[in-house]
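Asks: Quick one, fold the following:
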Amino acid sequence: MSGSAQHVTFPGDGQTAHGYLVLPPQAVGPGLVVVPGQQGLTGHIRAMADRFAEEGFVALAPDLPSGAPADGELPPEQAVVDLRGAVDFLLGHPQVVGDSVGAVGFCRGGGLSLVLAAQEGDRVAAVVPFYGLPADDLFEYRGLTAHVLGHYAEEDDANPVTAVDEAAIRIGEATDRRPEIHFYPAGHAFMNEENPAGAYDALQARTAWLRTLSFLWAHLG
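Replies: Below you'll find the model as predicted:
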């Protein structure tokens, strides 16, 4: 844990939710929810929160598996309630500027970040899913007003290109947003250096990272 990081708690789905909060060097900045995947608050997710904080964001990574069943899988409904609590926490934090936050999600968290944005409306101004879609293929994106930047892998059986394209069409039909989608010549979780499948790709990860920072500052700065 870096010197500016701390573990925090906030109201979740009928219980206390936990998270990893990191402040930027200048101590204040836009709020950003970093949504973990199925494995929860891993070293990779903490590292991503640290990196976003170093770039000027007040980053909060909720520990979504807290209170989950033994298999570590948090029900989507509870996960989104916890994420909404994270948005409340950031918007009420004295060192967060602005009246909206961003959300960046990885794997399962990518899909959850889109669901969160649809539910939170103007409170989420920018959402960046990395190789993740809502679990419901027919999810209604009505209510989503955030700008959307998606990063997806060309070699991903879990979220194939056709499914991503269909989701982008559904977003366009349900909202006035046209998502910016990028496909990378890589496998699932290409951003994760800890990926046990060995799909990490330094070049593609760097490209996605730079695009993400530019996007977030354009809509949260």
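Asks: where in this protein is pLDDT low?
Replies: Low-confidence segments of the chain (pLDDT under 70): 1-3, 65-76.
Asks: can you give me the strands in it?
Replies: Per DSSP state E, the chain carries strands over the ranges 5-11, 16-22, 29-35, 58-62, 96-106, 124-130, 147-155, 180-187.
Asks: right, so of these, which gets closest to Ile171?
Replies: Ranking these by distance to Ile171, with C-beta to C-beta as the measure, places strand 147-155 first at 6.4 Å. Quick note: C-beta positions are derived from backbone N, CA and C, even for glycine.
Asks: Contacts for the closest one, please.
Replies: Defining contact as C-beta atoms under 8 Å, 6 or more residues apart in numbering, one finds that strand 147-155 is touched by 110, 114, 117, 125-131, 159, 161, 164, 168, 171, 177, 179-191, 199, 208, 211-212, 215, 218-219.
Asks: Narrow the residues you listed to just the buried residues.
Replies: Buried by 16 or more other C-beta atoms under 10 Å: 110, 114, 117, 125-131, 159, 164, 168, 171, 177, 179, 181, 184, 186-191, 199, 208, 212, 215, 219, out of the contacts of strand 147-155.
Asks: dump the residue contacts of the nearest residue to Glu193 once chain neighbours are set aside.
Replies: Among residues not flanking Glu193 along the chain, Tyr200 sits closest, at 5.1 Å (C-beta to C-beta, 6 or more residues apart in numbering). Taking C-beta under 8 Å, 6+ apart, we find Tyr200 in contact with Ala189, Phe190, Met191, Asn192, Glu193, Glu194.
Asks: Just to check, the third one is in contact with Gly132?
Replies: Think Met191. No. The criterion here is C-beta atoms under 8 Å, and Met191 misses it with Gly132 at 11.3 Å.
Asks: Look up the residues that both of these two are in contact with.
Replies: Common neighbours of Met191 and Gly132 (C-beta under 8 Å, 6+ apart) are Phe106.
Asks: Val80 and Leu60, how far apart?
Replies: To Leu60, Val80 is 15 Å away according to C-beta to C-beta, to the nearest Å.
Asks: Correction: the previous question concerned Val97.
Replies: Using C-beta to C-beta, Val97 is found at 14 Å from Leu60.
Asks: Just want to know which of the two has more residues nearby.
Replies: Set Val97 next to Leu60 and count neighbours by other C-beta atoms under 10 Å: Leu60 wins out with 27 against 13.
Asks: check contacts around the more buried one.
Replies: Leu60 sits next to 8, 19-22, 31-34, 49, 86, 89-90 when contact means C-beta under 8 Å, 6+ apart.
Asks: what do you get if the cut-off is 10 Å, keeping everything else the same?
Replies: Going by C-beta atoms under 10 Å, 6 or more residues apart in numbering, Leu60 touches 8, 10, 19-22, 31-35, 49, 52-53, 83, 86-87, 89-90, 93, 96, 101.
Asks: Narrow those residues to those that are buried.
Replies: Burial by neighbour count, 16+ other C-beta under 10 Å: within those this picks out 10, 19-22, 31-35, 49, 52-53, 83, 86-87, 89-90, 93, 96, 101.
Asks: for the longest helix seen in the chain, packing partners?
Replies: In the chain, with assignment by DSSP state H, the single longest helix is helix 202-220. On a contact count with 3 or more C-beta pairs under 10 Å, 6 or more residues apart in numbering; DSSP states H and E, helix 202-220 meets strand 29-35, helix 43-54, strand 96-106, strand 124-130, strand 147-155, strand 180-187.
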